[in-house]
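In: pasting a predicted model and its sequence here:
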Amino acid sequence: MVKIVDYKTYSREDGTTFCVLIAQGGLETVKSKETGKTYFTARKANVPCTFDESVCASLIGAEIEGTIKKVKVDEYEYSNPDTGEVIHLSHRYEFVSLEDEIVNNHLVEEEIVS
């Protein structure tokens with residue numbers, strides 16, 4: 001289960017705008033690579049939508065069946081908005097619906113018989 005915790009509005013090059021809902025997964029424990037200590041976190045993902053700002057605002061707090069998954073991508077630079085530190089990442093977080101999860105977990109490869 002994920003919860004809608006916020007939304008953002010973005011502008012395209014042509015001047016039109018669109019919104020993304022910010023979905024947050026449940027509480028997770030992670031072990032620090034530097035200190036070895038455990039801390040809590042929650043994964044977030046931006047999910048594009050067709051809603052305007054008023055609808056997005058009304059959806060904050062709504063819960064949706066699904067999870068936030070870590071997905072490998074080509075390496076890119078990320079600048080931490082709080083510290084200005086630039087780091088290289090090779091993953092992003094993506095919302096996966098319950099239906100997609102079921103399909104992906106039950107796929108069977110087809111065998112080609114000649």
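Out: Perfect, I can see it now.

In: pairing partners for the strand or helix carrying Tyr10, with directions?
Out: Following DSSP states H and E, one finds Tyr10 within strand 2-11. Sheet pairing here is set by DSSP bridges, and for strand 2-11 it gives strand 17-24 (antiparallel), strand 63-64 (antiparallel).

In: can you give me the buried ones in that strand?
Out: In terms of neighbour count (16 or more other CB atoms under 10 Å), strand 2-11 has its buried residues at Val2, Ile4, Tyr7. Just so you know, the C-beta spots here come from the backbone N, C-alpha and C atoms, and that holds for glycine as well.

In: list the contacts of stretch 8-25.
Out: Under the contact criterion CB atoms under 8 Å, 6 or more residues apart in numbering, stretch 8-25 has outside partners 2-7, 42-49, 51-53, 56, 59, 64, 66-68, 95.

In: again but with stretch 59-70, I slipped
Out: Contacts of stretch 59-70 (CB under 8 Å, 6+ apart): 1-7, 21, 23-25, 43-45, 51, 91-98, 100-101.

In: restrict stretch 14-31 to CA atoms and write it as CSV.
Out: This file holds the C-alpha atoms of stretch 14-31, laid out as CSV (Å, rounded to 0.1, in the frame of the first residue of the first chain):
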residue,chain,number,x,y,z
ASP,A,14,5.7,24.7,-24.8
GLY,A,15,4.4,26.4,-21.7
THR,A,16,1.8,23.9,-20.7
THR,A,17,1.8,22.4,-17.2
PHE,A,18,1.2,18.9,-15.8
CYS,A,19,1.1,17.5,-12.3
VAL,A,20,2.7,14.5,-10.7
LEU,A,21,1.5,12.8,-7.5
ILE,A,22,4.2,11.9,-4.9
ALA,A,23,3.5,8.4,-3.7
GLN,A,24,5.3,7.1,-0.5
GLY,A,25,5.7,3.5,0.5
GLY,A,26,5.7,2.0,3.9
LEU,A,27,8.3,2.2,6.6
GLU,A,28,11.6,0.4,5.8
THR,A,29,14.7,-0.3,7.8
VAL,A,30,18.1,0.3,6.2
LYS,A,31,21.6,-0.3,7.5
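
In: with adjacent residues omitted, what lies nearest to Ala57?
Out: Tyr7 (6.9 Å; CB to CB, 6 or more residues apart in numbering).
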